[in-house]
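# coordinates only, sequence not included:
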């Protein structure tokens, strides 16, 4: 069966969406906005949490990409993902240790803990299957930040757009994208339950 190539403009648009709505961008935006949603969290704590959870691991990944250690900045090859997941976990532990020393509100621990749970899930799945981290993070972020204020249709549209972009770029299959969405939903509900338990 002949494969029909995607129109160049569609591929370019998909790549643009993929580069804008990356896990580091969406995750950083959510963590930096924590003081807005939880005034008891200081801006300094939010910045530090963002640096160790998102920016430091991404910087290490960017250096690895420049040195040719990974196929691309999205780490398309599954076997190349193990070490970056491990580095991210270590960075998060270091960040949480620092936040414990300087003292921060419980809400930020919950926010970072959600990303830690998501990281654990995708790391375990990645042992035998490639799941979309873009969709895992994107789905979680949009559910966590906007579930109470945005129409369901808008959330579905966002997830659909990101799903389309990842498939159109040939970075994931539809099933891998769906797997990422499921991870994001699971982490979202776990975070909601934990927030009600610890922050109510």
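Happy to help now that I have it. What you see is a predicted model; the values in this text were computed from it and never measured.
# tell me the centre residue of the chain?
Within the chain, the residue whose C-alpha comes closest to the C-alpha centroid is residue 137; the distance, by Cα atoms, centre = their mean, is 2.9 Å.
# surely that one and residue 27 touch.
Yes: Residue 137 sits in contact with residue 27 when judged by Cβ atoms under 8 Å, with a separation of 5.6 Å. For every residue, glycine as well, the C-beta is placed using N, CA and C.
# which residues do these two both contact?
residue 115 (Cβ atoms under 8 Å, 6 or more residues apart in numbering).
# low-confidence ranges in this structure?
Along the chain, the parts satisfying pLDDT under 70 run over 1-10.
# show me the helices in it, by range?
Using DSSP state H, the helices of the chain run over residues 8-20, 23-32, 34-37, 43-50, 56-66, 81-102, 106-126, 133-146, 152-168, 174-199.
# and the residue lying closest to residue 55 once chain neighbours are set aside, what does it touch?
Once flanking residues are discounted, residue 55 sits nearest to residue 28: 6.6 Å by Cβ to Cβ, 6 or more residues apart in numbering. When the contact criterion is Cβ under 8 Å, 6+ apart, the partners of residue 28 are 50, 54, 55.
# show the buried residues in those.
Neighbour-count burial (16 or more other Cβ atoms under 10 Å) applied to the contacts of residue 28 gives 50, 54, 55.
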